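**Q** how would this look folded up:
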Amino acid sequence: MSLLTTSLILLGLLHLTSGDCGASCWDDELRLTKLESLVDHLQKQVADLAANKIATEAELKFTQEMAKSALSGCSSGWTLKRTQIVFPNLEKLTLHQTTPTYVETMPTPLPNNTRAVIVQVFCNFWNSGGHAYLNVDIQQEGNEDGGVTSVENTHYAVYANTFYYEVLVPWDGALSDSLKFVVRSSYQTGGDNNWYRLRVVGYIMA
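**A** Numbers count the residues shown, from 1 in each chain. Now for the predicted structure:
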């Protein structure tokens, strides 16, 4: 059998097997093409999601490491130390319409990492008809950046009472060891049993 004859027979068989298909075969091929296109699109989406997941995990890991680093820098925290530092000039203030300034030096230097000192403000009032007013600004001498702690006290016509509270005064260990008390106003009547006391009763380190 010649090559030409064989070719003609194969062509005929191919025609016979596909001749009955008609338009439905074209529809099947079209649907198959669309399905292949959809699969390719879904595969691309899966690849994109996988890449985004990797990027998100990397960002999350970086954020966690930064948070750990920030926390480790604060691991030392704050430490409160109680003490009792007495300034004779401020033990029994009975000021009346005077505004003096007191500069008191710590008897021993505070630790270099001190960030604030705690000042006690105590008022003893023993006369129901008298006055005990005292407004004063407290500051570490030379610590302009730390600012001023202001206290205001107005007590009148109180019988046999004491008042007590504490305030924080900013402290810089690189500056002086002195506290400055600037009296802004004062008014005292009713006898020597109405008076104020200012002491350092602690400090905070960081």
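**Q** Number of residues surrounding Asn161?
**A** By the measure other C-beta atoms under 10 Å, the count of residues near Asn161 is 12. No exception for glycine: its C-beta is placed from N, CA and C like everyone else's.
**Q** residue contacts, the closest residue to it other than its chain neighbours?
**A** Among residues not flanking Asn161 along the chain, Phe125 sits closest, at 4.9 Å (C-beta to C-beta, 6 or more residues apart in numbering). Counting by C-beta atoms under 8 Å, 6 or more residues apart in numbering, Phe125 makes contact with 132, 155, 158, 160-163, 193-194.
**Q** so of those, which ones are in helices?
**A** Among the contacts of Phe125, DSSP state H puts none in helices.
**Q** Quick one: buried ones out of those?
**A** By neighbour count, with 16 or more other C-beta atoms under 10 Å, these hold 132, 155, 158, 194 as buried.
**Q** and those residues as CSV, adding pLDDT?
**A** Converted to CSV, those look like this (pLDDT from 0 to 100):
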residue, pLDDT
Ala132, 95
His155, 94
Val158, 86
Asn194, 94
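**Q** Which members of these define the maximum pairwise distance?
**A** Using C-beta to C-beta, the pair of these lying farthest apart is Val158 and Asn194, separated by 9.2 Å.
**Q** can you list the weak-confidence ranges in this structure?
**A** 1-32, 35, 39, 67, 69-76 (pLDDT under 70).
**Q** how about the strands in it?
**A** Applying DSSP state E to the chain gives strands spanning 79-85, 101-105, 114-125, 131-140, 149-156, 161-170, 178-189, 195-205.
**Q** possible to save those as a markdown table with distance to Leu60?
**A** Output for the strands of the chain, formatted as a markdown table (distance: least, C-beta to C-beta, whole Å):
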| stretch | distance to Leu60 |
| --- | --- |
| strand 79-85 | 34 |
| strand 101-105 | 53 |
| strand 114-125 | 34 |
| strand 131-140 | 44 |
| strand 149-156 | 43 |
| strand 161-170 | 39 |
| strand 178-189 | 49 |
| strand 195-205 | 36 |
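**Q** and among those, the most buried is which?
**A** strand 131-140 (a mean of 21; mean count of other C-beta atoms under 10 Å).
**Q** Which other helices and strands does that one contact?
**A** Counting contacts by 3 or more C-beta pairs under 8 Å, 6 or more residues apart in numbering; DSSP states H and E, strand 131-140 is packed against strand 114-125, strand 149-156, strand 161-170, strand 178-189, strand 195-205.
**Q** Sweet, I'm off.
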